[in-house]
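Asks: Provide a 3D model corresponding to the input given below.
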Amino acid sequence: MNDMTRRRTYPWFIAVFACIVLMVSNGQTISGLSVFDVAFIEEFGWSLGEIKFRDMITLLLAGLFAPFIGILIDRLGVRRCMLVGWVLLILGNIAYSRLESLTGLYLVHALFALVLVVCGLNAAVILVSKWFVRYRGTAIGIALMGTSMGGIVFPQYGTAMIEALDWRSAFAWGSLFPAVMLVATWLLVKDKPELPEQAGADAAPDTGMAYADALRSRSFWALAIIAMSTFYTVLGTQAHIFVYMTDADFSAQVATNAISLFFFCALIGKFVFGLAADHFDKRKVFYGNILVMLLGSLILIRMDVALIWVAVTAFGLGWGGVYTMLQLTVMNIFGTRDAGKILGTITVLDASGGGLGIWLTGVIYDTTGSYELPFLIFAALIVVALAALTQVRQPASASAATAGATI
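Replies: You can find the predicted model right below:
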C-alpha cells in the first residue's frame, strides 16, 4: 500500500475502529447487561429497582467524571485514555464474575463509569472528528453504529453463555474482549494526523469555539436538554424491554431478540442518517429523527404486545438518527478545539438522564407493577427534545473552520 492510499484509507479505518470500540465498551457496561437481571433476581433475591440502580451509578458518575476526563483527553490524546479504559474493563469483568453483594455490584459499576468516559462515546467522537471534516457525518455515523452493535452482540452473548455455562462464566470469558482491544489500540491507533496533508482533504484542524463561549450559547444548553431527555427514554427502553416482554410470557430468547432488533434498527439509523446529514439539510434530518422516535414511544404507550415489534423498530430507527445528529451537531457548531470539555459537560446531563431513565423506570415498575406510566414519561420527554431543537443555532462566534457547518 503506497503512502497516498494509506492517507486516504486510514481515516476510514479509524471510523471503523471507533465503531468496534463503542461496541465493546457500551455493550459490556450498559446494553448487554439486562439479560442478566432475571439470574440476579433468582440467585440473590434483589428487586429490579435495586439492580437497575447499578446503571444509575454508572451513568451518573460517568457524567460527573466526563468534564475532568475531557480535559485529559484534550491534553493527552484519546489513545492513552483508551488504553487505561481497556485495563479497567478487564478488571470490571473479572470482578463481576465474582460478585456476591449489591455493594460489590455498585462498585463494579462505578468502575464502569470510568470505562465509559475514557473509551466510550466522547473519546470515539473526538477521535473520528480529528480525522474528518468533509465526511464527518458519515464517519461519526459509522462510529456510533458501535453502540448499537454492542446492543445486538452482547445480549446474545450473555443469553448464550448463561444457557451454556452460567452468568459468572459469561463475565469471566467476557474479559477477553477488552484484552484484544487493549492490544489493538496500542498497535494501530493514532490520535490525529501528524501533518494536515496526511489525511488529505479530510484533515480536521484543532479549531472551534472556546469552552467558556460554548457555555454562554443557547445552542449548547438546547443540545444538552435534547441529550438528557432522549437518553432518559432510550436507555430506559432498552434496559426494561426484556422484563416487559418476559412479563408478557415471551421466552428469554425472544425477549433478547427484541433488544437486538432495537439496536439493529438503531445501527441502521445511525449510518443512514449520518450519511443523509452529509447530503441533505441537517436540521430537517434531526427533526425527522426525533419524530420517528416519538412515533415509537406513542406505540409503546398503547401497551399492546402485538405491536411491540413495530414500536421497537420505530424507536430504534429514530434513536439511531438522533444519536448521530446530536454528536455531529456538537462537533459542527463548536469544533474540536475544546471538544473534550464541551462533550464532557453535555455528558453530565445526558448520562444523568440515562441513569435516571433506567433506575426510575425500575422503581416505578416495582411500585405499580406496570410500565404504563414510564412509557408516558418517555413520550413526554421526546416532545421536550423536539421543542429544544428549535433553539439550536450556529453561534455567530463560531470559528471560520466551523462557520460553514450548520446543523
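Asks: Output the below-cut-off pLDDT ranges for the stretch 1-150 of the chain.
Replies: 1-7 (pLDDT under 70).
Asks: what ranges do the helices span in it?
Replies: Per DSSP state H, counting those that start in this stretch, the stretch 1-150 of the chain carries helices over the ranges 3-26, 37-44, 48-76, 78-97, 102-118, 121-129, 136-164.
Asks: For the fifth one, list the C-alpha coordinates in PDB.
Replies: Translated: helix 102-118. Provided in PDB are the C-alpha atoms of helix 102-118 (Å, rounded to 0.1, in the frame of the first residue of the first chain):
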ATOM      1  CA  LEU A 102     -25.200  -5.300  46.000                       C
ATOM      2  CA  THR A 103     -22.300  -3.300  47.300                       C
ATOM      3  CA  GLY A 104     -20.000  -5.200  45.000                       C
ATOM      4  CA  LEU A 105     -22.300  -4.700  42.100                       C
ATOM      5  CA  TYR A 106     -22.400  -0.900  42.600                       C
ATOM      6  CA  LEU A 107     -18.600  -0.800  43.000                       C
ATOM      7  CA  VAL A 108     -18.100  -2.600  39.700                       C
ATOM      8  CA  HIS A 109     -20.400  -0.100  38.000                       C
ATOM      9  CA  ALA A 110     -18.500   2.800  39.500                       C
ATOM     10  CA  LEU A 111     -15.500   1.400  37.700                       C
ATOM     11  CA  PHE A 112     -17.600   1.000  34.500                       C
ATOM     12  CA  ALA A 113     -18.300   4.800  34.700                       C
ATOM     13  CA  LEU A 114     -14.600   5.500  34.100                       C
ATOM     14  CA  VAL A 115     -14.600   3.000  31.300                       C
ATOM     15  CA  LEU A 116     -17.400   4.900  29.600                       C
ATOM     16  CA  VAL A 117     -15.600   8.200  29.800                       C
ATOM     17  CA  VAL A 118     -12.100   7.100  28.700                       C
END
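Asks: Point out the most buried one among the helices of the stretch 1-150 of the chain.
Replies: Counting by mean count of other CB atoms under 10 Å, helix 121-129 has the highest mean neighbour count of the helices of the stretch 1-150 of the chain, with a mean of 27. Bear in mind the C-beta positions are built from the backbone N, C-alpha and C, glycine included.
Asks: now the angle from it to helix 102-118?
Replies: Counting by axes from the mean of the first three to the mean of the last three CA atoms, to 10 degrees, helix 121-129 points 20 degrees away from the direction of helix 102-118.
Asks: hmm, who's touching helix 121-129?
Replies: The contact list for helix 121-129 (CB atoms under 8 Å, 6 or more residues apart in numbering) reads 14-15, 18-19, 21-22, 26, 66, 69-70, 73, 78, 81-82, 85, 117, 136, 139-140, 143-144, 146-147, 189, 191, 204, 327, 330-331, 336, 339-340, 343-344, 347.
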